[in-house]
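Colleague: fold the stuff below for me.
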Amino acid sequence: QVQLVESGGGLAQAWGSLRLSCVASGRTDSSYSLAWFRQTPGREREFVAAISWSGGHTYYGNSAKGRFAISRDNAKNTVYLQMNSLKPEDTAVYYCADQSVAGTNDYWGQGTQVTVSS
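Modeller: This next block holds a predicted model:
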C-alpha cells in the first residue's frame with residue numbers, strides 16, 4: 001500500500017515562496033504519477049500539478065501555471081512543489097496523491113497547511 005507524507009507547509013507572505021515535499025513509500029507498478037491538489041473549506045479539491053515518475057512529464061492547473069514548479073527525485077521517492085509569487089488565495093491544505101495509469105487518485109497524504117498573508 002502506498003503511503004504519502006507531505007511536509008513544507010507553513011506561513012508565507014504574499015509574493016514569498018514555499019517548497020512542499022511529498023515522500024512516497026510502497027509504490028507499486030500501478031503508480032504512474034504523483035499529483036498535488038489543494039482544498040479550502042467549502043470548496044472542491046482543486047488540481048494543482050502532477051508529474052510522472054517515469055519521464056518526468058509535468059501537468060499544471062491554471063492556478064499554478066507560471067508560478068509553481070513540480071519536480072521529482074526518484075531515488076528519494078519524493079516529489080516537490082516549488083511555489084513562488086504566492087498569493088493569499090493560495091491559502092489551502094495541500095495534498096499529494098498517487099495516481100494510477102488510469103488516472104485515478106488511489107492514495108492520499110494527510111495534507112499540509114499553507115497560509116499566505118497579504
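Colleague: buried set for stretch 54-69?
Modeller: For stretch 54-69, burial by neighbour count (16 or more other CB atoms under 10 Å) applies to 60, 61, 63, 64, 68, 69. For every residue, glycine as well, the C-beta is placed using N, CA and C.
Colleague: centre-most residue in the protein?
Modeller: residue 36 (2.5 Å; CA atoms, centre = their mean).
Colleague: isn't that residue right next to residue 51, touching?
Modeller: No - counting by CB atoms under 8 Å, residue 36 sits too far from residue 51 to count as a contact (9.0 Å).
Colleague: between those two, which contacts overlap?
Modeller: By CB atoms under 8 Å, 6 or more residues apart in numbering, residue 36 and residue 51 have these common neighbours: 70, 79.
Colleague: which ones among the buried residues of stretch 54-69 are found in helices?
Modeller: Counting by DSSP state H, the buried residues of stretch 54-69 place none of their members in helices.
Colleague: possible to save those as CSV with pLDDT and distance to residue 27?
Modeller: Output for these, formatted as CSV (pLDDT from 0 to 100; distance: CB to CB, whole Å):
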residue, pLDDT, distance to residue 27
60, 98, 22
61, 97, 23
63, 93, 27
64, 95, 23
68, 98, 23
69, 98, 22
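Colleague: ok, which stretches of this protein are helices?
Modeller: Going by DSSP H, the chain shows no helices.
Colleague: now it, which segments are flagged as low pLDDT?
Modeller: For the chain, applying pLDDT under 70 flags no range at all.
Colleague: can you tell me the closest non-neighbouring residue to residue 15?
Modeller: If you skip the residues right next to it in sequence, residue 15 has residue 85 as its closest partner in space, 5.8 Å away by CB to CB, 6 or more residues apart in numbering.
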